[in-house]
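>>> Sequence and computational prediction follow.
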Amino acid sequence: MKLLAIFVLHKEDDRKVRILQSEFNLEGIGYFQQRIVRESLVFSARTVIERTALGTRRSVEAYQNVNGKKNENTSVRPDDLASVIVHASVSPDGLASVIASDSEYPQRVSHTLLSQVMNDFTNTYPFTTWVQMEEQTGKLASLSESLRIYQNPHKADPLMALQKDLDDTTDIVINTLVNLKWSW
Amino acid sequence: MYQEARHRWASSTIKTLPTSTATIVETLEPFPYPNNINNSPSSSFFLPLTTMSNGRDRTSEFQTTVKNFASRKNGFDGPHPAPLNRRQHPQSPVEQRGVFMQQAKRIGHDLSQTFMKLEQLSLIAKQSSLFNDKSMEIQDLTLSIKQDISNLNRQIAQLQQYMQDTHGSKSKNTQAHSNSVVFVLQSKLATMSNDFKQVLEARTQNLKEQKSRRDNFSRNTVASSLTSAPSAINGRPSVLFRDESRTTNGGDAVIDMGSDGSRNSSMRQQLQVIDETDTYLANRSEAMQNIEQTIIELGDIFTQLATMVRQQEELVHRIDANVDEATQHIEGAHTELLKYLRSVTSNRWLIIKVFAVLIIFFLIFIVFLA
C-alpha cells in the first residue's frame, strides 16, 4: 500500500493545465526506472486533469509495464502489468490535485488527502496568485510531510485509525471474556 | 384586437377548408366591418355567403363575443395591436387599475397552478421505492415548474414596471395598494422557489438513500467502481470549494445552474462527465457507518461482559461469606487451644495427680503381676 506521488495543479477554463507542485516517493522502484516512472506520472496527472471537468473528482486506473509504456482505461487487462491508480480532484475554482497510488491504497483515504492538500495549498498561497504561478514553483512543506505520513493510511487517516483502535479493543474484550469463562 | 380576431377566425377556416367544405361554408360569415379602420391583408379572405341549408346566422353573437374579448383582454401581454391601442387611446386611471388588477389576477392564477404542480412533485419525490422509478415524470415536472417560475418572475417584473410607468396618475392609496399587491406576489413566488429548492434537496437525499439501499443488495467494491465503464452517473454541478458537506449546497447550485438535482447532466456540459464525488462521499459515509456499527458491537460486548460478571457476583459473595466464617472459626479454635495450653502448662497440682496415677499403675502392674 503505497503512495507514489502528490501533485498540485491549476486548470484554466477547461484548457490549460499547469503543474504547480509535485512530490514523489519512488523508493520501491528500481533506480533506472525511477526517471521513466516520474515522467509517466507527470504525464498521466496532466492528462487526467485535462479530461476532468471542474468541480468533479474521479479515480482512474492506469496500466503500465516496466518498460514505461502506458495504456489508460483499456478494457483488456494483461495480468503481468502493475497498475497505478490516479486519484484526481478538481475544484470549481480551477485548483486541482492528483495522487498516484498503487491499487491497494484505499480510495477514500486518498480523496481525503486530496481535499486536505487543496485546503493547505489555499491557506498558504492566496487565491489570486494561482493564475500567475509558473510551473514547479515553490514548495508546500506539508506536501512531503503528508506524503510521508500517509504512506501508512491506517495511522494517518482518522477514520481508519479509529476503526483500527476499535478493532483492537474488541479483540481485547473478547479475550477477557474467554478468560472469564473458567468459572463455569 | 378585431384584426387579430379576424386573423384567427380566417386562419382556422383556411386550415379546415380542405377537409369538410360543406360545414365550413355553412358557418362562414362575411365580415361586415367598415374597411377604414384597418387595412388588413385579411380582406382577401372574404368568402361569399353561399346557400345555408341547415346553418344558423350567428354573426351578431360573434360580433358581441369579439367585442367582449377586446374589452377584457386589453392588457399588455397581447400581440402587436396592444401597443398600438395604447398609443391611440391613452388609458384613464380606471382603465389602468383594471389592467393592473387583471394582470395581477392572472399572475395569481399561474401561481396557484404552479403551487399545485409543486405539490405533485413533492409527493412523487417523497415516495421512494427501489423499483417504481418515476424519474421521467419528476424531470418533466421540474422543467415545467422551472419555466413557470421564470415566467412568473417576468410577469411580476412587467407588472412592477407597468406600475412604475403609470405612477403619476394615481392617488396615494392606489399606489400603496399596487405596491402591496406586487409585494405579496413576489413573496409568494419566493416561498414557492424555496419550497421547490427543498423538494429538490429531498429528492437528492432520496436518491442517495435509494442508491445505498441498492448497494446493500449488490455489493459494489471500490475496485470495480474504479474500472467500470464510463457512463453519465451524475453530472452534479458546481461544488463549493472547501465545503465538506457538499450535499447541502447542491440545491443552491442546482437552481443557479438551471438543472435539476437528479440525474441529468447540467445544460452547459456537453460531454458525459464521470464525477465520483458522490462515490467518494458514499464511501466516507459507509466508513462512518462501519465505525458506528463497530462501536455498537463493542458496546454490546461490554454489556455481555457486565452480565457475566454480575452472574458471578452471587457466587463470589458466597465464597466471601464462607471464607469469613472459616476465619472466625479458626480464630475461635486457636483461642481455645491457647486457653487449654495455658491451663495445662500452669497447673502444678495436675502434675502430681498425673504422676500419682502413673506410679499406682506401675505398682499394680509390676508388683502384683511379677
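Thanks, I have it.
>>> Just say helix, strand or coil for the spatially most central residue of chain A.
Centroid-nearest residue in chain A, with Cα atoms, centre = their mean: residue A:99, separated by 2.7 Å. Following DSSP: H, G, I helix; E, B strand; the rest coil, residue A:99 is assigned to strand.
>>> That one reaches residue A:87, doesn't it?
Yes - at 4.7 Å, residue A:99 counts as touching residue A:87 under the criterion of Cβ atoms under 8 Å. C-betas here are computed from N, CA, C, even on glycine.
>>> what do those two both touch?
By the contact definition Cβ atoms under 8 Å, 6 or more residues apart in numbering or on different chains, residue A:99 and residue A:87 are jointly contacted by A:110, A:114.
>>> OK, contacts around residue B:120?
Taking Cβ under 8 Å, 6+ apart, we find residue B:120 in contact with residue B:141.
>>> how close does it get to residue B:339?
Here the distance between residue B:120 and residue B:339 works out to 102 Å (Cβ to Cβ, to the nearest Å).
>>> Could you do residue B:279 as well?
88 Å.
>>> Also residue B:136?
Per Cβ to Cβ, residue B:136 is found 104 Å from residue B:339.
>>> Now the element after the longest helix anywhere in chain B, going C-ward?
Looking across chain B with DSSP state H, the single longest helix is helix B:277-345. Sequence-wise, the next helix or strand downstream of helix B:277-345 (DSSP states H and E) is helix B:348-369.
>>> contacting residues around that following helix?
Outside helix B:348-369, the residues that touch it by Cβ under 8 Å, 6+ apart are residue B:344.
>>> Let me know the angle separating it from helix B:277-345.
60 degrees (axes from the mean of the first three to the mean of the last three Cα atoms, to 10 degrees).
>>> thinking again about what came up before, who does the residue nearest to the centre of chain A form a beta bridge with?
Judged by DSSP bridges, the bridge partners of residue A:99 are residue A:6, residue A:87.
>>> Any residues of chain A in contact with chain B? List them.
A:53-61, A:73, A:75, A:85, A:91-93, A:95, A:103, A:106-108, A:111-112, A:115, A:118-119, A:122, A:159-160, A:162-163, A:166-167, A:169-170, A:173-174, A:176-177, A:180, A:183 (Cβ under 8 Å from any Cβ of the partner chain).
>>> could you redo the last one with a cut-off of 6 Å?
A:53, A:55-59, A:61, A:91-93, A:107-108, A:111, A:159, A:162-163, A:166, A:170, A:173, A:177, A:180, A:183 (Cβ under 6 Å from any Cβ of the partner chain).
>>> Which ones among those residues map onto helices?
Judged by DSSP H, the subset of these located in helices is A:107-108, A:111, A:159, A:162-163, A:166, A:170, A:173, A:177, A:180.
>>> Of these, grab the buried ones for PyMOL.
Buried residues among these (16 or more other Cβ atoms under 10 Å in any protein chain shown), as a PyMOL selection:
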select buried, chain A and resi 107+108+111+159+162+163+166+170
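>>> Could I get the full set of helices for chain B?
B:2-16, B:21-27, B:59-72, B:81-88, B:93-126, B:135-165, B:172-217, B:222-226, B:246-257, B:277-345, B:348-369.
>>> and those helices as CSV, adding distance to residue A:126 and mean pLDDT?
Listed next are the helices of chain B as CSV, based on distance: least, Cβ to Cβ, whole Å; pLDDT from 0 to 100:
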stretch, distance to residue A:126, mean pLDDT
helix B:2-16, 61, 50
helix B:21-27, 76, 46
helix B:59-72, 62, 87
helix B:81-88, 53, 48
helix B:93-126, 41, 83
helix B:135-165, 37, 83
helix B:172-217, 32, 82
helix B:222-226, 34, 42
helix B:246-257, 23, 39
helix B:277-345, 25, 89
helix B:348-369, 110, 87
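>>> I'd like those helices written out as TSV, with distance to residue A:142 added.
TSV is the format used below for those (distance: least, Cβ to Cβ, whole Å):
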stretch	distance to residue A:142
helix B:2-16	72
helix B:21-27	84
helix B:59-72	72
helix B:81-88	66
helix B:93-126	43
helix B:135-165	43
helix B:172-217	33
helix B:222-226	26
helix B:246-257	24
helix B:277-345	21
helix B:348-369	97
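>>> Can you check which of those helices gets nearest to residue A:27?
With Cβ to Cβ as the criterion, residue A:27 lies closest to helix B:222-226 of the helices of chain B, at 24.4 Å.
>>> and of the ones in helices among the residues of chain A next to chain B, the nearest to residue B:302?
residue A:173 (6.6 Å).
>>> centre of the chain versus stretch A:119-130, how much separation?
Its chain's C-alpha centre and that of stretch A:119-130 lie 20 Å apart, by Cα atoms, centre = their mean, to the nearest Å.
>>> actually stretch A:24-41, not the one I wrote
Using Cα atoms, centre = their mean, the offset of stretch A:24-41 from its chain centre is 16 Å.
>>> Flag every buried residue along it.
Under 16+ other Cβ under 10 Å, the buried positions of stretch A:24-41 are A:24-26, A:29, A:37-38, A:40-41.
>>> what do you get for stretch A:8-21?
A:8-11, A:17-21.
>>> where do the strands sit along chain A?
A:3-12, A:16-24, A:57-64, A:70-72, A:82-90, A:95-102 (DSSP state E).
>>> could these go into JSON lines alongside mean pLDDT and distance to residue B:362?
As requested, the strands of chain A are exported to JSON lines (pLDDT from 0 to 100; distance: least, Cβ to Cβ, whole Å):
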{"stretch": "strand A:3-12", "mean pLDDT": "85", "distance to residue B:362": "105"}
{"stretch": "strand A:16-24", "mean pLDDT": "80", "distance to residue B:362": "111"}
{"stretch": "strand A:57-64", "mean pLDDT": "81", "distance to residue B:362": "112"}
{"stretch": "strand A:70-72", "mean pLDDT": "50", "distance to residue B:362": "120"}
{"stretch": "strand A:82-90", "mean pLDDT": "85", "distance to residue B:362": "109"}
{"stretch": "strand A:95-102", "mean pLDDT": "88", "distance to residue B:362": "105"}
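>>> which of those strands is buried the deepest?
With neighbours defined as mean count of other Cβ atoms under 10 Å in any protein chain shown, the strands of chain A peak in mean count at strand A:95-102, which reaches a mean of 25.
>>> tell me the angle of it relative to strand A:82-90?
Using the same axes, to 10 degrees: strand A:95-102 against strand A:82-90 is 160 degrees.
>>> Now do strand A:95-102: which elements does it pack against?
Identification of packing neighbours for strand A:95-102 by 3 or more Cβ pairs under 6 Å, 6 or more residues apart in numbering or on different chains; DSSP states H and E yields strand A:3-12, helix A:31-50, strand A:82-90, helix A:107-124.
>>> Can you name every helix or strand that the third one contacts?
When you say that, I think you mean strand A:82-90. Strand A:82-90 packs on helix A:31-50, strand A:57-64, strand A:95-102, going by 3+ Cβ pairs under 6 Å, 6+ apart.
>>> What lies in contact with the last one?
Where contact means Cβ atoms under 6 Å, 6 or more residues apart in numbering or on different chains, the residues beyond strand A:95-102 that reach it are A:2-9, A:11, A:41, A:45, A:49, A:84-90, A:110, A:114, A:117-118.
>>> Report the distance from it to the chain centre.
Centre-to-centre, strand A:95-102 and its host chain are 5 Å apart (Cα atoms, centre = their mean).
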